[in-house]
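K.L.:
Kindly return the folded structure for what I paste below:
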Amino acid sequence: MPIKKLMKSIVVLFDEKNLYEDQKVFDGKSAKELCRAAAESFGFEVCTISGCQTITELLEELDKICSESKADSLVFSYADCLFLNKSLTLGLLSTHEDYKAEYTYAEGYPEGLAPQIVDKGTLVILKELSKTTFKETGLQKVSRHSLMDMIKTDINSYEVETLLAPVDWRLLRYSFDCHKKENFIACQKLYSQFKSVYKEEEAFASADPVELSTAAAKNIEILKTIPAFYNLQLAQKCQGKCSYCPYPAALKQKEG
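P.N.:
Down below sits the predicted model:
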């Protein structure tokens, strides 16, 4: 999808220095290397940043980069998203420009496939608000939803646009990034499934995001990797002896 020449953009990848992003398990490449290759295929300047602890620090750095590069908009993603998608990115940029948006994101796709787009003027506003009116939010730790968290503090004040997926994959709760073990394993499984089709470093960036998402939804090895959490219930000693409850028997065995 072509982008009008009047809009200059810059791609910024945030490197959180996590445990899995540098592991070279994707045919000798790491998630960070593949993400960088994908970003460079978009045709814009790409830079990687790290070290920002709070949302305010992140916004200050993004504003600085956008100003120094004289970019009209900023494409933001984490640096461990190896399936960062070109067609989704260009679609977001086109929507962002056509509707004069201040913030544009994809809805319904698995996380890690699409970046976020933010207008340079909006970065300035968000940066100042994070220091003043919404200082509490500004002091929060940087996360993958930090930009949206700032937008949501007063969402009706911004022109927000969305690129909707043809199918809502959010219920499956998968994220194709490498910041957690379960996601890292899912990325390996998806990569293995399609590596014979997309052989070059940047080739996954040109993949059909619907095809990738649909295939992932049908692959049990991607849907079920390792437990994401464990349920723990803390309880005092109960006087009841319900037949269906495991606690009385467990307490009797332990305490006699």
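K.L.:
alpha carbons only for contacts and neighbour counts from here, please
P.N.:
OK.
K.L.:
what about the strands in this protein?
P.N.:
For the chain, the strands defined by DSSP state E cover 9-14, 45-49, 73-78, 103-107, 116-119, 160-164.
K.L.:
what's in contact with the helix or strand of the chain with the lowest mean pLDDT?
P.N.:
When each helix and strand of the chain is scored by mean pLDDT, DSSP states H and E, helix 247-255 comes last, with a mean of 81. Residues from elsewhere that reach helix 247-255 (CA atoms under 8 Å, 6 or more residues apart in numbering): 237, 238, 239, 240, 241, 242.
K.L.:
Tell me the one of the residues you listed nearest residue 59?
P.N.:
Nearest to residue 59, judged by CA to CA, of the contacts of helix 247-255 is residue 237 at 50.0 Å.
K.L.:
Run through the residues that contact the closest one.
P.N.:
So residue 237 contacts residue 251 (CA under 8 Å, 6+ apart).
K.L.:
ok, now residue 45?
P.N.:
With contacts defined as CA under 8 Å, 6+ apart, residue 45 is in contact with 9, 10, 11.
K.L.:
The same query, at a cut-off of 10 Å, please.
P.N.:
Neighbour list for residue 45: 8, 9, 10, 11, 12, 39, 69, 71 [criterion: CA atoms under 10 Å, 6 or more residues apart in numbering].
K.L.:
Quick check, the first one in contact with residue 72.
P.N.:
In other words, residue 8. Yes - contact between residue 8 and residue 72 holds when scored by CA atoms under 10 Å: they sit 5.2 Å apart.
K.L.:
Now for these two: what residues contact both?
P.N.:
Residues touching both residue 8 and residue 72 by CA under 10 Å, 6+ apart: residue 66.
K.L.:
coming back round to it: output the contacts of helix 247-255 as TSV; include the columns pLDDT and distance to residue 151.
P.N.:
Output for the contacts of helix 247-255, formatted as TSV (pLDDT from 0 to 100; distance: CA to CA, whole Å):
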residue	pLDDT	distance to residue 151
237	72	47
238	73	47
239	73	50
240	76	50
241	78	52
242	84	50
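K.L.:
can you map out the helices along the stretch 101-250 of the chain?
P.N.:
Along the stretch 101-250 of the chain, counting by DSSP state H, counting those that start in this stretch, helices occupy 120-131, 135-138, 146-152, 181-194, 209-217, 220-223, 247-255.
K.L.:
Fine by me, we can end here.
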